[in-house]
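**Q** Predicted coordinates and the sequence they were generated for:
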Amino acid sequence: MNNTVSPLRCAAVIGAGTMGRGIVISLANAGLRVLWLDNNRQMLEAGLQMAEETWAHNVAKGRIDAPEAAARRALVEAVDGYPALADADLVIEAVYENLELKQQIFRELDAVMKPGALLASNTSALDIDAIAAVTTRPEAVLGLHFFSPAHIMKLLEIVRGASTAPAVLQAAVALGMRMGKVAVVAGNCHGFIGNRMLHTYVREARMLLLEGAWPHQVDAALQGFGFAMGPFRMYDVVGIDLEWRARELSGQGQDDPAVQVDNRLCELGRFGQKSGKGYYLYAPGSRQAEHDPAVDGLVQMQSERLGFVRRDVGTEEIVERCLLALVNEGAKILEENIAASSADIDRVYLNGYGFPAERGGPMSWADAQGLAAIRQRLLLLAERFGAHWQPAALIERLMQEHKTFADVQEGKA
């Protein structure tokens, strides 16, 4: 690939599910022509209707006028088959999280897309290099991880593969800005920045349930700290079944003690808000989460089945463990140069994960606590709960050098 990328005038989107719809709206709102492909024509028609309804709603709210809504709709064209995408400057694949399926799509794209086109996957965790490897142009492949709903959420994680050309990343950052997104470049690892850190945070929340806490108690503690919602409310909103189905498909992780409560909820058809019950109960048509004592009973049953002796867990411990899990993983991400700076990690958490703005983000919060105090607290947790709490090597080094996370740039302090 040459060092320049064609100006992005025409984009293609593959997939007309929730993510695909939000991405199409975002691109059209930014003035790009959009070619939209899905092998299920009904899904595509429903997607076009949802986009029209979104623009009509924005007209009703006075955010845009009717001619602007019509102009945006006119930019979107439903197409049949990969050859119809050949002249697009950028293609974004937005199908469900299955590596083999994404690789098959990228083989097809590699065969039809013009030279210089950007090939992007909207994956939330999968290996960008494994996707790029099936093409003859790995330098043109990158991740564009939108957050749902994609036309509303501000964050865009731009994932660089081992071969992604600098010009491709620059074009993606410029596109993110054009769409009004907060664009953060992340290295390629499982979960990138946001979801890699989220995994450790949620694991602590789940373990706290087994040790003696209740879902509503954990959520209240973290919402009290300032999070937009606690982890169990979050799972009810996004769907508890998404991870459950992914574990089933991959045949991995279903026997992990931490996910046993989720597994039982899903086996009972309690998928969250969409099914009217998950960790909480929801009245028909309501998003109001109501405490369900039956879930407490289920938590207790799983906890005892797994051999835990339940104890009282206080608000302070809940906040401490969930936050320190975020910070320690964030330090490893900085150390590995997955994020260019602690400010980038904070931007991810402020714009995509509901971290309280007044706290500045997890890494800023840690700097304000003092890294010596963070290290000491991690060592105490390691004594109680095991080696996964061992402070990241970067924390040890920065503390000795009297530096902070804010001093780290591009993996160098």
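**A** Received it, and whenever you're ready, just let me know what you need.

**Q** And residue 142, how far from residue 92?
**A** Distance from residue 142 to residue 92, counting by C-beta to C-beta, to the nearest Å: 10 Å. (C-beta placed from N, C-alpha, C; glycine too.)

**Q** shared neighbours of these two, anything?
**A** With contacts taken as C-beta atoms under 8 Å, 6 or more residues apart in numbering, the residues that reach both residue 142 and residue 92 are 120-121.

**Q** Heading C-terminal from the helix or strand harbouring residue 302, find the next helix or strand.
**A** In the assignment (DSSP states H and E), residue 302 maps to helix 293-305. Downstream of helix 293-305, the first helix or strand assigned by DSSP H and E is helix 315-335.

**Q** could you say what helices and strands that following helix packs with?
**A** helix 194-211, helix 215-225, helix 342-352, helix 362-369, helix 371-385, helix 393-400 (3 or more C-beta pairs under 8 Å, 6 or more residues apart in numbering; DSSP states H and E).

**Q** among the ones you listed, which is nearest residue 9?
**A** helix 342-352 (26.9 Å; C-beta to C-beta).

**Q** which outside residues touch the closest one?
**A** Here helix 342-352 makes contact (C-beta under 8 Å, 6+ apart) with 147, 153-155, 157, 182, 184-186, 193-194, 197, 326, 330, 333-334, 339, 355, 357, 360-364, 367, 404-406, 408.

**Q** Also compute the angle for that helix relative to helix 362-369, please.
**A** 120 degrees (axes from the mean of the first three to the mean of the last three C-alpha atoms, to 10 degrees).

**Q** tell me how far stretch 238-245 is from the chain's mean position?
**A** 14 Å (C-alpha atoms, centre = their mean, to the nearest Å).

**Q** my bad, stretch 367-382
**A** Distance, centroid of stretch 367-382 to centroid of chain: 27 Å (C-alpha atoms, centre = their mean).

**Q** ok so, going back, give the PyMOL command for selecting the buried subset of the contacts of helix 342-352.
**A** Entered in PyMOL, the line below selects the buried ones among these, by 16 or more other C-beta atoms under 10 Å:
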select buried, resi 147+153+155+157+182+184+185+186+193+194+197+326+330+333+334+339+355+360+361+362+363+364+367+404+405+406+408
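
**Q** coming back round to it: contacts for the helix holding residue 302, please.
**A** The contact list for helix 293-305, computed with C-beta under 8 Å, 6+ apart, reads 209-212, 214-215, 260-261, 264-265, 279-280, 310.

**Q** Can you tell me which of those residues lies closest to residue 7?
**A** Checking the contacts of helix 293-305 one by one against residue 7 (C-beta to C-beta), the nearest turns out to be residue 279, at 46.8 Å.

**Q** I figured that closest one was touching residue 238, is that so?
**A** No: with contact defined as C-beta atoms under 8 Å, residue 279 does not reach residue 238; the gap is 11.9 Å.

**Q** Between these two, which contacts overlap?
**A** residue 272.

**Q** out of those two, which sits in the busier spot?
**A** residue 279 (29 against 13; other C-beta atoms under 10 Å).

**Q** Does the more buried one belong to a helix, a strand or coil?
**A** Secondary structure assignment for residue 279 (DSSP: H, G, I helix; E, B strand; the rest coil): coil.

**Q** begin at 6 from here
**A** Yep, numbering from 6; the last one is residue 284 now.

**Q** Contact partners for the closest residue to it other than its chain neighbours?
**A** Excluding the flanking residues, the one nearest residue 284 by C-beta to C-beta, 6 or more residues apart in numbering is residue 237, at 4.1 Å. Residues counted as contacts of residue 237 (C-beta under 8 Å, 6+ apart) are 210, 220-221, 223-224, 284-285.

**Q** Which of those sits closest to residue 57?
**A** For the contacts of residue 237, the nearest to residue 57 is residue 285 (32.9 Å; C-beta to C-beta).

**Q** ok, how many other residues are close to the closest one?
**A** 21.

**Q** surely it meets residue 238?
**A** Yes: using C-beta under 8 Å, residue 285 makes contact with residue 238 at a distance of 7.1 Å.

**Q** For residue 83, grab the count of nearby residues.
**A** Neighbourhood size, residue 83 [other C-beta under 10 Å]: 16.

**Q** Regarding residue 293, what is its secondary structure?
**A** State at residue 293, reduced to three classes by three-state DSSP: coil.

**Q** The residue nearest to residue 284 and residue 197: what is the separation?
**A** 23 Å.

**Q** likewise residue 352?
**A** 13 Å.

**Q** cool, residue 335 as well?
**A** Residue 335 is 12 Å from residue 197, by C-beta to C-beta.

**Q** repeat for residue 127
**A** For residue 127, the distance to residue 197 equals 12 Å [C-beta to C-beta].

**Q** now do residue 244
**A** For residue 244, the distance to residue 197 equals 20 Å [C-beta to C-beta].

**Q** who touches both of residue 285 and residue 238?
**A** Counting by C-beta under 8 Å, 6+ apart, the residues touching both residue 285 and residue 238 are residue 294.

**Q** was I right about residue 167 contacting residue 135?
**A** No: the pair residue 167 and residue 135 does not pass the contact test of C-beta under 8 Å, sitting 10.7 Å apart.
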